[in-house]
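> quick one, structure for this:
(one chain, ligands or ions: 1)
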Amino acid sequence: MRFLKGHGTENDFVILPDPEGEVDVSAALVAKICDRRAGIGADGVLRVARTKHSHEVSDQAGEAEWFMDYRNADGSVAEMCGNGVRVFARYLLDAGLEHASEFAIATRGGVRRVRIEPNGDVTVDMGKPVVHGESVATLGGHEYPGIHVDMGNPHLACSIGDPVAQLELTHGPGFDTGVFPAGVNVELFNAVGVSRAVMRVYERGSGETRSCGTGAVATAVAAAHLSGDTTGTWTIEVLGGTLTVILDEDTSYLSGPAVIVASGELMLAE
Ligand SMILES: N[C@@H](CCC[C@H](N)C(=O)O)C(=O)O
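Residues are numbered from 1 along each chain as shown. Just a heads-up that it's a prediction; the model follows:
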């Protein structure tokens, strides 16, 4: 099977083109592909299928020709991936499967519209973040209060005070399984300067990653909340680069680089 490799601020993905929706991507195969020593290595897999051939999202076929079937590195399925959808858009353009500077992509979290900026960055309309209230993450004997934000997928974004560079994130933070029965992506951040935050993230199903698009928006929401705001433009620094988040009354936007770096033939099988 053909594959490509791409990343958005070093949140990296293996892309599997499957236009007719014929490939059964098992959790075991995804985990093998994402293995950084025995596989290609990635934070997740993006299967590229025509929406009309994808029963999970076929109701979105009128709006979006292509479905981003996103899988975490452990093979689990997630509703949305903000960096993934930006890399997916870059692939569709490079492959000549989309031609316009704006188009829509189907996801389990609903249709997402993307725009290619003049400098090549990819912006995605992430929809309106839903704030559910407060919860707590625990890490290294510390309790970090945070905000529960639904971006299609679940997030707990915590302002931590301590420098994020010193966090030990080889193991995931603890969280309230009553609030997050399906697990949660945990962002640990510090607001620095005006409308700017430094963030690290431990992703559900993938562990610590160098960036998370939905997590960057959740962090902007939580950081804005701390200053009593619900709108504004935020710069979110992650280990793999810089993302821009715009929060407005009705929706949110995520912008940043998205590139394809390799292609090849996959020899792995289940
Ligand atoms: N890295 C992604 C989020 C991927 C899904 C997440 N791990 C989950 O399980 O919800 C992003 O850029 O948003």
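> tell me the residues of the chain that contact the ligand?
Proximity of the chain to the ligand, by CB under 6 Å from any ligand atom, involves residues 11, 44, 72, 78, 81-84, 153, 185, 203-206, 209, 212-215. Placement of C-beta: from N, CA and C, glycine included.
> from those residues, which land in helices?
82-84, 213-215 (DSSP state H).
> for these, give me JSON lines that also has neighbour count and pLDDT.
Listed next are those as JSON lines, based on neighbours: other CB atoms under 10 Å; pLDDT from 0 to 100:
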{"residue": "G82", "neighbour count": "29", "pLDDT": "98"}
{"residue": "N83", "neighbour count": "34", "pLDDT": "98"}
{"residue": "G84", "neighbour count": "31", "pLDDT": "98"}
{"residue": "G213", "neighbour count": "29", "pLDDT": "98"}
{"residue": "T214", "neighbour count": "31", "pLDDT": "98"}
{"residue": "G215", "neighbour count": "32", "pLDDT": "98"}
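> now the two most distant members of the residues you listed.
The distance between the two most remote of these (CB to CB) is 12.1 Å, for G84 and G215.
> confidence score at the spatially most distant residue from the centre of the chain?
Distance from the centre of the chain peaks at G141, with 27.7 Å (CA atoms, centre = their mean). Reported pLDDT at G141 in the predicted model: 94.
> how about the one 5 residues further on?
Residue-level confidence at G146 comes out at 98, pLDDT.
> with adjacent residues omitted, what lies nearest to it?
C158 (3.2 Å; CB to CB, 6 or more residues apart in numbering).
> and if you look at P19?
Nearest residue to P19 in three dimensions, chain neighbours excluded: R50, at 5.5 Å (CB to CB, 6+ apart).
> next one: the spatially most central residue of the chain, what pLDDT does it get?
For the chain, the residue sitting closest to the mean C-alpha position, by CA atoms, centre = their mean, is C81 at 3.0 Å. For C81, the pLDDT comes out at 98.
> shouldn't it be in contact with R71?
No - with contact defined as CB atoms under 8 Å, C81 does not reach R71; the gap is 9.4 Å.
> what is in contact with the two at once?
Common contact partners of C81 and R71 (CB atoms under 8 Å, 6 or more residues apart in numbering): G44.
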